[in-house]
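Enquirer: next come a sequence and a model predicted from it.
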Amino acid sequence: MNETPREDRLRVRPYALTGGRVRSSTELALETIVRVTTRGEAGSQELATERRLICELCIDPTSIVEISAHLQLPLGVARVLVGDMVTEGFLDCNSTPVAASDSRPDLRLLERVLDGLQAL
């Protein structure tokens, strides 16, 4: 069988995955770590493909940025999908609030980034 190259496959436009929305009811920072809940584990097979893949990926705690990269989804789309799934109880997250645009970066976040870079 010849498999069609990925670029030639019919793909759903990113805005269709979110219903045209660019924001979720739950605003999450890009570095927010999410993990699947028991509800997400039990009901993931009934979810749309992208949501099911997010549940499978989040068996291990994963950041929104990593979800975007692994699933090759635009960052904004991944953020909306994850936010919706947190609201619906399929995912659980740490409660990193979205920083105000005029505020300085959180010192704890900078320390975590530095620790991660040093671990590489």
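Expert: It's in. Here the structure is a predicted model, which means the values were calculated and not measured. Numbering: from 1, shown residues only.
Enquirer: let's see the pLDDT reported for the most centrally placed residue in the chain.
Expert: Nearest residue to the geometric centre of the chain (CA atoms, centre = their mean): residue 64, 3.6 Å. Note for residue 64: predicted pLDDT of 91.
Enquirer: helix or strand right after the helix or strand where residue 16 lies?
Expert: Using DSSP states H and E, residue 16 sits within helix 14-17. Next along the chain after helix 14-17, taking DSSP H and E as the criterion, comes strand 33-36.
Enquirer: need the contact partners of that next one.
Expert: By CB atoms under 8 Å, 6 or more residues apart in numbering, the residues outside strand 33-36 that reach it are 28, 44, 55-56, 58-64, 67, 82, 85-86, 90-94, 96. For every residue, glycine as well, the C-beta is placed using N, CA and C.
Enquirer: partner strands of that strand, parallel or antiparallel?
Expert: strand 62-63 (antiparallel), strand 91-93 (antiparallel) (DSSP bridges).
Enquirer: how about the helices in this structure?
Expert: With DSSP state H as the criterion, the chain has helices at 14-17, 38-43, 49-57, 64-71, 75-87, 107-119.
Enquirer: winner for burial among those helices?
Expert: Most buried of the helices of the chain, by mean neighbour count (mean count of other CB atoms under 10 Å): helix 75-87, with a mean of 21.
Enquirer: do I have it right that residue 32 meets residue 92?
Expert: No - using CB atoms under 8 Å, residue 32 is not in contact with residue 92, being 10.7 Å away.
Enquirer: which one's more surrounded, the two?
Expert: residue 32 (24 against 17; other CB atoms under 10 Å).
Enquirer: which ones are touching the more buried one?
Expert: Residue 32 makes contacts with 63-64, 82, 93-94, 96, as judged by CB under 8 Å, 6+ apart.
Enquirer: any idea of the pLDDT on it?
Expert: At residue 32, pLDDT is 89.
Enquirer: how many other residues sit next to the spatially closest residue to residue 40 that is not a sequence neighbour?
Expert: In space, and not counting its chain neighbours, residue 40 is closest to residue 90: 3.7 Å by CB to CB, 6 or more residues apart in numbering. Neighbour count of residue 90, defined by other CB under 10 Å: 25.
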